[in-house]
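In: My questions are about this predicted structure, shown below with the sequence.
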Amino acid sequence: MIKFRHPNNRAFYEYWCKLPKTGILPDKNSFMPEDIPSLLSTMVVYELVSNDFIRIRLIGSTVEERFGGHRTGSNYLDFVEEQRKDAASAAFWSQAKHNCGMYAVLAQELVSGRIAHIEVVGVPVSNDEGEHPVLFFQSNEIAYNSDGQQEKEPQEFDDKGDGLLKYIWVVERSYFDLGLGVPFLRD
C-alpha cells in the first residue's frame with residue numbers, strides 16, 4: 001500500500017482505480033475531468049514521444065505556476081539536471097513499458113532559491129488513439145525532511161518570487177504494481 005503524504009494524491013489514485021479498464025489500464029478517454037475538478041490544477045499529462053522528448057500534454061495551473069509559465073507542449077526533460085536526463089527518461093519509459101505506477105518525491109529548485117518538495121503519483125493509461133504512451137500524474141507540494149517525515153505545512157507558493165523553475169531532481173522514487181509487476185529500479 002502506498003503511503004501518500006498528500007490527500008490529493010490519494011484521491012487521484014483512488015479515482016484512477018475506479019475507472020473502467022480494458023486489461024489492467026483504463027483508456028485515457030474514460031478519464032472525466034468533471035469528476036475530479038479539485039485535482040485538475042495539480043495534474044500533469046505526459047506523452048512519451050522519444051527517449052529525448054517527453055511532451056507535457058496538459059499541465060494544471062498550480063503546476064504551471066511552479067514551472068514558471070505556460071509549458072504545454074514543452075519537453076519535461078528541459079527541466080531536469082543534465083546528468084539526470086537519461087535516468088529521468090528511463091524512469092518514465094519503464095513505467096509505460098511495465099504498465100505500473102510511479103511514486104516519487106521531487107525537489108524542485110526555484111530561481112528564488114527556494115526548494116519545493118513535491119510528492120507525485122503517476123499512472124499509465126491506454127492510448128488507443130495515438131502511437132505514444134501517455135502517463136497521468138498528480139503533483140502536490142509537501143513539507144519534507146531528510147527522514148521522509150512530514151514536518152510542517154509547506155510554504156505558500158509565491159508566484160512573484162518563486163515563479164521560475166530552475167531544476168528538478170529526485171529525492172525518492174519507487175514503482176508500484178498495478179497487476180503486471182514492476183521493473184527493477186536503479187536510480
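Out: Okay, I see it.
In: C-alpha only now, for contacts and for neighbours.
Out: Fine.
In: Contacts for the longest helix along the chain, please.
Out: Secondary structure of the chain per DSSP state H: the longest helix is helix 85-98. Contacting residues not belonging to helix 85-98 are listed as 48, 51-52, 54, 77, 80, 101-102, 124, 133-135, 175, 180-183, 185, 187 [Cα atoms under 8 Å, 6 or more residues apart in numbering].
In: Let's verify the most centrally placed residue in the chain: helix, strand, or coil?
Out: Note on the chain: the residue nearest the mean C-alpha position is residue 137, at 3.8 Å, using Cα atoms, centre = their mean. On the three-state scheme (DSSP: H, G, I helix; E, B strand; the rest coil), residue 137 is labelled strand.
In: contacting residues around it?
Out: For residue 137, the residues meeting the contact criterion (Cα under 8 Å, 6+ apart) are 43-46, 120-123.
In: Now it: closest residue in space that isn't a chain neighbour?
Out: Spatially, and ignoring its direct neighbours in sequence, residue 137 is nearest to residue 122 (4.1 Å; Cα to Cα, 6 or more residues apart in numbering).
In: What's the separation between residue 29 and residue 82?
Out: Computed as Cα to Cα, to the nearest Å, the residue 29 to residue 82 distance reads 34 Å.
In: hey, where'd the strands end up in the protein?
Out: Here the chain has its strands, by DSSP state E, at 21-22, 25-26, 43-50, 53-59, 101-110, 115-125, 134-142, 165-176.
In: May I see those arranged in a markdown table, with distance to residue 72 and mean pLDDT as well?
Out: Shown next, in a markdown table, are those (distance: least, Cα to Cα, whole Å; pLDDT from 0 to 100):
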| stretch | distance to residue 72 | mean pLDDT |
| --- | --- | --- |
| strand 21-22 | 27 | 86 |
| strand 25-26 | 23 | 92 |
| strand 43-50 | 9 | 95 |
| strand 53-59 | 5 | 95 |
| strand 101-110 | 18 | 87 |
| strand 115-125 | 18 | 92 |
| strand 134-142 | 14 | 94 |
| strand 165-176 | 15 | 81 |
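In: could you redo those strands as a markdown table and give each row distance to residue 70?
Out: As requested, those are arranged in a markdown table below (distance: least, Cα to Cα, whole Å):
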| stretch | distance to residue 70 |
| --- | --- |
| strand 21-22 | 32 |
| strand 25-26 | 28 |
| strand 43-50 | 13 |
| strand 53-59 | 8 |
| strand 101-110 | 16 |
| strand 115-125 | 19 |
| strand 134-142 | 16 |
| strand 165-176 | 12 |
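In: Out of those strands, the one nearest residue 11 is which?
Out: strand 134-142 (9.6 Å; Cα to Cα).
In: From the chain's centroid, how far away is the closest one?
Out: Distance of strand 134-142 from the chain centroid (Cα atoms, centre = their mean, to the nearest Å) equals 3 Å.
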